[in-house]
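1. predicted model and sequence below, questions to follow.
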Amino acid sequence: EVRAEDVLDDGSFKGYGSLFDKKPDSYGDLIAKGAFAKTLAMGGRNGTGIPILWQHQASNPIGPWTLLKEDSKGLYLEGQLDLDIQEGKRAHSGLKKKYVRGLSIGFNTVSYEIDEKKKIRTLTEIELWEISIVTFPLLPGARVRAVKEAKAPFALSARARKPCRSLTRGSARSIRRIIR
């Protein structure tokens, strides 16, 4: 979540991209402390950095992250919006006026543990692609929107889950409709 008071006129802002050990998101996932450590040390999934995107659109990077780190609460971040481009101005205005406050992570799941009783998957290692400013986050309490795999990993075999690790949001929705 990004609070309006944490957004400055120069386009800099801070917040949390994800929270640890809170309520599961609508996919039944939790993120464990330490899940981001390796990807942050590498500089993202391929070492080229982790961009700020507008609404998960890879064609709309809107600035750099100036700080990304895990703390006891979650994935703490500080960013700088590019106010020289339209999407950067739009994100800045939405954050300042409080009609856009969500942050969302785009990632691949590297490793996880499943609690079959509770139907909760705890992500223990994540390969981070990007962090977006979004209108509708997946985890309302954390204001996080993650690009995820199919909703019901418990219904899929391990062999079937493997190719689903990097689905787009639209593909995941289509698969969920088929599974239901």
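-> Great, that's in hand. Numbering: from 1, shown residues only.
2. C-alpha from now on. contacts and neighbour counts both.
-> Will do.
3. how about the helices in this structure?
-> 37-42, 86-96, 158-161, 169-179 (DSSP state H).
4. and the end-to-end length of stretch 23-36?
-> The straight-line separation of the ends of stretch 23-36 (CA to CA, to the nearest Å) is 18 Å.
5. please pull out the lowest mean pLDDT helix or strand from this protein.
-> helix 158-161 (a mean of 44; mean pLDDT, DSSP states H and E).
6. show me where this structure has strands.
-> For the chain, the strands defined by DSSP state E occupy 12-19, 29-31, 51-54, 57-70, 74-80, 102-115, 120-134.
7. and those as a markdown table, adding mean neighbour count?
-> Converted to a markdown table, the strands of the chain look like this (neighbours: other CA atoms under 10 Å):
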| stretch | mean neighbour count |
| --- | --- |
| strand 12-19 | 23 |
| strand 29-31 | 23 |
| strand 51-54 | 24 |
| strand 57-70 | 17 |
| strand 74-80 | 20 |
| strand 102-115 | 20 |
| strand 120-134 | 22 |
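8. out of those, the one nearest Lys38 is which?
-> For the strands of the chain, the distance to Lys38 is smallest for strand 120-134, at 7.7 Å, taking CA to CA.
9. mind listing what the closest one pairs with, with the direction of each?
-> Taking DSSP bridges as the criterion, strand 120-134 forms sheet pairs with strand 29-31 (parallel), strand 51-54 (parallel), strand 102-115 (antiparallel).
10. same list (these) but as CSV, adding mean pLDDT and distance to Leu40.
-> Below are the strands paired with strand 120-134 laid out as CSV (pLDDT from 0 to 100; distance: least, CA to CA, whole Å):
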stretch, mean pLDDT, distance to Leu40
strand 29-31, 91, 15
strand 51-54, 95, 12
strand 102-115, 92, 12
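11. in a markdown table: those strands, plus distance to Thr39.
-> As requested, the strands paired with strand 120-134 are arranged in a markdown table below (distance: least, CA to CA, whole Å):
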| stretch | distance to Thr39 |
| --- | --- |
| strand 29-31 | 14 |
| strand 51-54 | 13 |
| strand 102-115 | 10 |
